[in-house]
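> Show me how the following folds:
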Amino acid sequence: MSVRRIQPSDVDSVVRLVHALAEYEKAPQECHLTSEQLHASLFGEAPAVFGHVAEVDGEVVGYCLWFLSYSTWRGTHGIYMEDLYVDPARRGSGLGKALMVELARECVSKGYQRLEWSVLKWNTPAIDFYGSVGAFPMDGWEMHRLTDAALTDFAAKG
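From the prediction side, this is the model:
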């Protein structure tokens, strides 16, 4: 078992796992990620997305994808974990925790002061896991999003 930075040869496996996550989150129709897109995002000219994989016996069985955030109140960057996923057959083996430990180490080593993410309210196994590592929900905050036609329409309003 090992956790390491994602490499170009891992992209197809990670895309497969991203689609598995979308299935788990009951929204497979919303996931359109391709290997080409992920490869360009991770390894293009100016990457703004980063990732780690969990590997068992040479097989990628988990991943986390993340990007930098910034706190004006703290005056430092942080990490926003976009996805954390471990194959259901490998859950409970410590891989999810190992992936998050790597992100925490990244934060500490670079002086970042936050590691943040979102979780679906119904995903109690994930919420329980996050609580077990000391994470807490942000009371009073609610995520908002503009996408698709709403984003395009809003952008067109001068």
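> show me what contacts the spatially closest residue to Val56 that is not a sequence neighbour?
Leaving aside its sequence neighbours, Val56 sits nearest to Met1 (C-beta to C-beta, 6 or more residues apart in numbering; 5.3 Å). Quick note: C-beta positions are derived from backbone N, CA and C, even for glycine. Each residue near Met1 by C-beta atoms under 8 Å, 6 or more residues apart in numbering is listed here: Ala54, Glu55, Val56, Ser93, Gly94, Leu95, Ala98.
> what comes into contact with stretch 124-136?
The contact list for stretch 124-136, computed with C-beta under 8 Å, 6+ apart, reads Leu84, Gly96, Lys97, Met100, Trp117, Val119, Leu120, Pro137.
> Can you flag the buried ones in those residues?
The neighbour count (16 or more other C-beta atoms under 10 Å) marks Leu84, Gly96, Met100, Trp117 as buried among the contacts of stretch 124-136.
> tell me the contacts of the second one?
Taking C-beta under 8 Å, 6+ apart as the definition of contact, the neighbours of Gly96 are Ala54, Gly62, Leu84, Val86, Phe129.
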